[in-house]
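Peer 1: my questions concern the predicted model and sequence given below.
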Amino acid sequence: MISYLASRLLQTIATLVVMSVLVFVGLYMVGNPVDALLSSSATPAERIAVIHAFGLDRPIWDQYALFVWKALHGNLGNSFVYGQPALRLILARMPATLELAFGALLLALLIGIPLGIRAGLRPEGLVSKSIMTFSILGFSLPTFWIGLMMVLVFSVELGWLPSSGRGQTVELLGVPVSFLTRDGLAHLLLPALNLALYKISLVIRLTRAGVMEVSQLDYVRFARAKGLTEGRILRVHVLKNTLIPLITVIGLEFGAVIAFAVVTETIFAWPGMGKLIVDAIGVLDRPVILAYLLLTVVMFSVINLIVDILYAIVDPRVRLAGGA
């Protein structure tokens, strides 16, 4: 286990190095942030002063070396726009994004698993076919269009739920959260459901396929022959083995939810990292963009490691390299 963890840590470091080089070079080649920071009436002297202040007059390899040196000391640079450490800006927005991501994942599991089980137990029934039709729509319809329709129906026409913002928050262990207040929960529901729709469809299909496959195996048939109830067979034999591949996919999808919540956060004006990165891209705020992308890579790597460990715990047949 120790050698496996060490190997994964080295892979994570290598991924971070490669990612930092690619992103840094890519951002350097795209546009000039000075054009976004200064007005068209700025004098040449003002432009030169800004370029020198942000170190944009140095060669790209010098800028990258300076970035790596600062990053190793916990400094990912200061935002061109806000004048604050980029990492601090992102970490300040992270609780909102994580809350939205956890809310979406929870909805995906609470809705997707029961529907997937129902569709897998009676795959030829009308209800099962209706569930699968819903899952196709969840895959096919664009997230931004669904979000706009939700705002139009539930906020504008019916007036049931707020259309934007995070609502009232309270501190939990020093972190502001909105799901513990009624107003915050009302603000969370629409964006979380919008972000969860694709994942609900995915969970439905994975659960359905797993239930159908496991239900035909010999040990399930033997359990029925022993006279066990269908409920016990489902809980003890079917669900346990169905959840093994589901854990892997959901773990990876959780990282994707965090990284690609940009559209939902923009539509619902949710004050998370996605909204921040959209604003940063608009003004070519390179330190914020780079810090966000590197932090995303770190989260993906950590989530992948946790998923592998959970996979080994759930399925005893899995053996990690270097240890069981």
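Peer 2: Great, that's in hand.
Peer 1: residue contacts, Phe24?
Peer 2: For Phe24, the contact set (C-beta atoms under 8 Å, 6 or more residues apart in numbering) comprises 60, 63-64, 67, 290. For the C-beta atoms, the positions are set from N, CA and C on the backbone; glycine is no exception.
Peer 1: same thing but at 7 Å, please
Peer 2: Contacts for Phe24 (C-beta atoms under 7 Å, 6 or more residues apart in numbering) come out as 64, 67, 290.
Peer 1: dump the residues you listed into a markdown table; add pLDDT as well.
Peer 2: Output for the contacts of Phe24, formatted as a markdown table (pLDDT from 0 to 100):
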| residue | pLDDT |
| --- | --- |
| Tyr64 | 80 |
| Phe67 | 76 |
| Leu290 | 80 |
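Peer 1: which ones among these map onto helices?
Peer 2: With helices identified by DSSP state H, the entries of the contacts of Phe24 that belong to them are 64, 67, 290.
Peer 1: mind telling me what element the closest residue to the last one other than its chain neighbours is part of?
Peer 2: I take that to be Leu290. Excluding the flanking residues, the one nearest Leu290 by C-beta to C-beta, 6 or more residues apart in numbering is Val23, at 5.7 Å. Of the helices and strands defined by DSSP states H and E, Val23 is found in helix 2-29.
Peer 1: and Thr97, which helix or strand is it part of?
Peer 2: Assigned by DSSP H and E, Thr97 belongs to helix 86-121.
Peer 1: which helices and strands does that helix pack with?
Peer 2: helix 126-140, strand 175-177, helix 182-215, helix 239-259, helix 273-282, helix 286-314 (3 or more C-beta pairs under 7 Å, 6 or more residues apart in numbering; DSSP states H and E).
Peer 1: please report how far the residue nearest to Leu295 when sequence neighbours are not counted lies from Phe102.
Peer 2: Taking C-beta to C-beta, 6+ apart as the measure, Leu295 lies nearest to Ile90, with 6.0 Å between them; neighbours along the chain are not counted. Here Ile90 is placed at a distance of 18 Å from Phe102 (C-beta to C-beta, to the nearest Å).
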